[in-house]
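# Give the three-dimensional model of this entry:
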Amino acid sequence: MFQKILIANRGEIALRVVRACRELGIKTMAVYSEADEQSLHVQLADEAICIGPNASNQSYLKADRILSAAEIGDVDAIHPGYGFLSENYRFAEQCERCKIKFIGPKSEVIRSMGDKALAREMAKKAKVPIIMGSDGPLDNEEQACKVAQKIGFPIIIKAVAGGGGKGMRLAHNMVAFTKEFNAARAEAEKAFGNGAVYIEKYIEEPRHIEFQILADSHGKVIHLGERDCSIQRRYQKLIEEAPSPFLTEDLRNRMGKCAVRLAESCGYENAGTIEFLVDKRGNFYFIEMNTRIQVEHGITEEVTGIDLVKNQILIAAGQQLNINQKDVKITKHAIECRINAEDPSRNFAPCPGTVTLCYTPGGHGVRVDSHVYGGYQIPPYYDSMIGKLIAYGRNRQIAVDRMYRALSEYIIRGISTTIPFCQAIMLDPCFKNGQYTTKYIEDFLNRTPKDIFTQNK
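Coordinates of the predicted model:
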């Protein structure tokens with residue numbers, strides 16, 4: 001077992017890894033930027049070292065500084081969390097060369113599954129359904145237009161190295177396509193240093209369903225059921241739940257088997273997520289694989305009773321999974337609301353600043369993962385998510401009612417947050433009935449007065 005793990009991340013996920021390590025008796029080393037000196041993960045880790053200035057490209061994205069910190073701290077392994085370098089195969093490769101265990105899949109798997117066009121081909125070979133699209137990246141506008149005409153509109157343009165909705169554009173006709181194709185390439189180049197894009201037929205108003213995978217280094221691969229991540233804005237998830245209110249048991253089994261088959265085919269190891277789109281008829285299509293822990297992993301933990309972060313660490317240490325597929329039981333329903341420092345009444349404008357008061361909800365069936373406390377200064381340099389609120393119970397109705405209750409108890413003063421926005425969704429009949437698609441937020445905003453989202457700061 002590892003003696004010390006460096007956590008190459010910040011905020012709530014860094015704190016989550018600290019807690020898992022402490023329960024396993026492993027020492028932790030936090031890294032932080034100058035802006036994060038007072039963050040809770042820095043205070044609770046056994047050791048901490050500053051790796052650079054505020055900007056992430058001068059700190060959390062600096063592989064050489066993180067590896068230098070690992071050498072100073074004499075660590076055995078690095079947990080990358082999510083975002084930043086978590087899906088950077090070059091960083092994983094550097095860890096391998098330095099003989100520091102990267103807690104995640106091998107670098108070549110990250111490289112192949114991180115390339116969306118290559119991942120599509122691997123899914124096709126594994127007999128996992130894929131959406132009609134281009135055979136790999138498209139080199140120029142002329143070639144792209146020919147493929148678009150063959151596929152038919154609407155079409156979605158995606159960055160090969162994309163994530164978080166960057167380098168992703170929708171086109172409903174050829175005029176829009178040429179403009180959006182070039183815009184997507186430019187955005188992808190700026191965000192990822194790789195302007196390559198491919199195109200797919202756009203599935204209108206689908207559900208976004210992802211399956212959680214665990215795979216050890218001894219060949220065992222299992223799935224832990226699905227999460228419904230359809231409630232999103234500009235491809236950024238806002239509310240997730242497990243299990244999905246849409247899937248039948250037969251559809252769940254078929255999708256789960258496909259997810260396992262794809263993970264097996266690429267020699268996957270550690271925790272990962274296979275993402276699908278599901279149309280209204282129950283047809284499902286692979287869209288991508290995330291080769292890391294997900295933001296929303298907590299709801300899977302609550303409905304299965306399986307600690308994903310601990311299992312990540314145990315798998316990386318070479319241990320066999322002590323769970324078989326037949327042992328995975330979905331015993332509860334869980335919902336997660338992402339608490340962001342944003343003002344929904346002002347088009348979700350970011351709201352960094354000082355939290356003057358923070359009271360987190362509690363009680364039976366409530367979990368809060370957050371690094372924020374009263375007096376904490378939320379920096380303007382990073383993602384606006386400041387916490388995750390999870391409510392769970394023996395069925396969906398209990399989980400929805402409990403989430404509304406927990407949101408009403410969650411007090412954050414000094415900044416605006418998405419708490420009132422999430423509260424309004426919990427009362428919405430469409431959500432309460434589980435009748436939503438990826439277009440839900442757009443429709444909800446069109447029929448909901450914005451003053452409902454105003455928060456008393």
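# rest of the way, CA atoms for contacts and neighbours
OK.
# any residues touching stretch 339-349, and which ones?
Under the criterion Cα atoms under 8 Å, 6 or more residues apart in numbering, residues 350-352, 384-389, 415-419, 421, 450-451, 453-454 lie in contact with stretch 339-349.
# try 7 Å
Residues outside stretch 339-349 that contact it (Cα atoms under 7 Å, 6 or more residues apart in numbering): 350-352, 384-388, 415-419, 421, 450-451, 453-454.
# So for that stretch, mean pLDDT?
For stretch 339-349, the mean per-residue pLDDT is 95.
# what are the pairing partners of the lowest-mean-pLDDT helix or strand in the chain, and which direction each?
Within the chain, confidence by mean pLDDT, DSSP states H and E is lowest for strand 155-163 among all helices and strands, at a mean of 86. Paired neighbours of strand 155-163 in the sheet (DSSP bridges): strand 166-171 (antiparallel), strand 197-201 (antiparallel).
# quick one on the thing from earlier: in PyMOL, select just the buried ones from the contacts of stretch 339-349.
Selection of the buried residues among the contacts of stretch 339-349 in PyMOL, burial being defined by 16 or more other Cα atoms under 10 Å:
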select buried, resi 350+351+352+384+385+386+387+388+415+416+417+418+419+421+453+454
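# Next step: the contacts of stretch 339-349 restricted to helices.
Mapping the contacts of stretch 339-349 onto helices (DSSP state H) picks out 419, 421.
# residues in contact with the closest residue to Lys280 other than its chain neighbours?
Nearest non-adjacent residue to Lys280, counting by Cα to Cα, 6 or more residues apart in numbering: Pro206, 6.6 Å away. Contacts here follow Cα under 7 Å, 6+ apart; on that basis Pro206 touches 277-280, 437-438.
# Please tell me I have it right and Lys116 contacts Val160.
Yes - using Cα atoms under 7 Å, Lys116 makes contact with Val160 at a distance of 4.9 Å.
# Any regions of the stretch 101-250 of the chain where pLDDT drops low?
163-164 (pLDDT under 70).
# if you set the cut-off to 80 instead, what comes out?
Counting by pLDDT under 80, the ranges of the stretch 101-250 of the chain that qualify are 162-166.
# Name the residues that touch the longest helix seen in the chain?
Longest helix of the chain, by residue count under DSSP H: helix 174-192. The contact list for helix 174-192 (Cα under 7 Å, 6+ apart) reads 141, 157, 159, 161-162, 166-169, 171, 194-197.
# repeat that with 10 Å
The contact list for helix 174-192, computed with Cα atoms under 10 Å, 6 or more residues apart in numbering, reads 138, 140-142, 144-145, 148-149, 152-163, 166-171, 193-199.
# and it, which residues are buried?
By 16+ other Cα under 10 Å, the buried positions in helix 174-192 come out as 174, 177, 180-189, 191-192.
# ditto for stretch 280-293
Buried-residue list, stretch 280-293, by 16+ other Cα under 10 Å: 284-293.
# among the strands paired with strand 155-163, which is nearest Tyr359?
Closest approach to Tyr359 among the strands paired with strand 155-163 is made by strand 166-171 (33.7 Å; Cα to Cα).
# Asp216 and Ile78: what is the separation?
Going from Asp216 to Ile78 by Cα to Cα, to the nearest Å gives 17 Å.
# how about the nearest residue to Cys337, chain neighbours excluded?
Cys337 sits nearest to Ile239 (Cα to Cα, 6+ apart), 4.7 Å away.
# I'd assumed Met403 was in contact with the one you found.
No - using Cα atoms under 10 Å, Ile239 makes no contact with Met403, being 11.1 Å away.
# pLDDT weak spots in the stretch 351-457 of the chain?
By pLDDT under 80, the low-scoring segments of the stretch 351-457 of the chain are 450-457.
# can you map out the strands along it?
Ranges of strands in the stretch 351-457 of the chain, per DSSP state E, counting those that start in this stretch, are 353-354, 357-359, 366-370, 377-378, 385-393, 411-413.
# Neighbouring strands - and their directions - for the fifth one?
This points to strand 385-393. Next to strand 385-393 in the sheet, as set by DSSP bridges, lie strand 333-340 (antiparallel), strand 366-370 (antiparallel).
# Pipe the ones you listed into CSV and attach mean neighbour count and distance to Gly133 per row.
Output for the strands paired with strand 385-393, formatted as CSV (neighbours: other Cα atoms under 10 Å; distance: least, Cα to Cα, whole Å):
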stretch, mean neighbour count, distance to Gly133
strand 333-340, 26, 32
strand 366-370, 20, 38
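# Quick one, which of these gets closest to Phe431.
Evaluated over the strands paired with strand 385-393, closeness to Phe431 peaks at strand 333-340, with 11.6 Å, by Cα to Cα.
# For stretch 415-435, buried residues please.
Across stretch 415-435, burial judged by 16+ other Cα under 10 Å covers 415-423, 425-426, 431.
# Lovely, talk soon.
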